[in-house]
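**Student:** pasting the structure only:
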């Protein structure tokens, strides 16, 4: 009975955390970078807007954080970064930086099946073998 209550409340907290993260990322952080000029990291040319795109990231409790962010485009070399991703420290992949760090740590200490089980138990995150194996630091195991 207590386990079920804990699991239910952990789910409530994970949903609340997702909402707060989305609000802060969409509000405060996005306002810091919108309207500022961005130089291309490759060639230092002033970049222009290239539309807005959404990105979905898996988070604690199998919650999905959705970010709406502006893409920039370098007219000289064609590079198309997302300044919000860079500001938030979002890496390649389908998970938040904290989940990716947990995947890396667990993957470096356990075999794939044990690490996936630990991630699901402790973080409430369900992953398939492919994204888990491709997590930074886990590759090559």
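**Tutor:** The structure has been received and is ready for your questions. Remember, it's a predicted structure, so these values are computed and weren't measured experimentally. Residues are numbered from 1 along each chain as shown.
**Student:** Walk me through the domains of the chain.
**Tutor:** What automatic domain parsing lists as the domains of the chain is 1-90, 95-141.
**Student:** for the longest one, what is the average pLDDT?
**Tutor:** Averaged across domain 1-90, the pLDDT comes to 90.
**Student:** what distance separates it from the centre of its chain?
**Tutor:** Centroid displacement of domain 1-90 relative to its chain, using Cα atoms, centre = their mean, to the nearest Å, is 7 Å.
**Student:** Could you list the buried residues of the longest helix belonging to the chain?
**Tutor:** When the chain is parsed with DSSP state H, its longest helix is helix 2-24. Buried positions in helix 2-24, judged by neighbour count with 16 or more other Cβ atoms under 10 Å: 14, 18, 21-22. (C-beta placed from N, C-alpha, C; glycine too.)
**Student:** Now render those as TSV, adding distance to residue 67.
**Tutor:** Shown next, in TSV, are these (distance: Cβ to Cβ, whole Å):
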residue	distance to residue 67
14	17
18	11
21	9
22	7
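**Student:** For the residues you listed, work out which two are farthest apart.
**Tutor:** 14 and 22 (12.7 Å; Cβ to Cβ).
**Student:** shared neighbours of these two, anything?
**Tutor:** The contact sets of residue 14 and residue 22 do not overlap (Cβ atoms under 8 Å, 6 or more residues apart in numbering).
**Student:** show me where this protein has strands.
**Tutor:** With strands called from DSSP state E, the chain shows them at 48-59, 63-73.
**Student:** CSV for these, including distance to residue 96 and mean neighbour count?
**Tutor:** Output for these, formatted as CSV (distance: least, Cβ to Cβ, whole Å; neighbours: other Cβ atoms under 10 Å):
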stretch, distance to residue 96, mean neighbour count
strand 48-59, 5, 13
strand 63-73, 6, 17
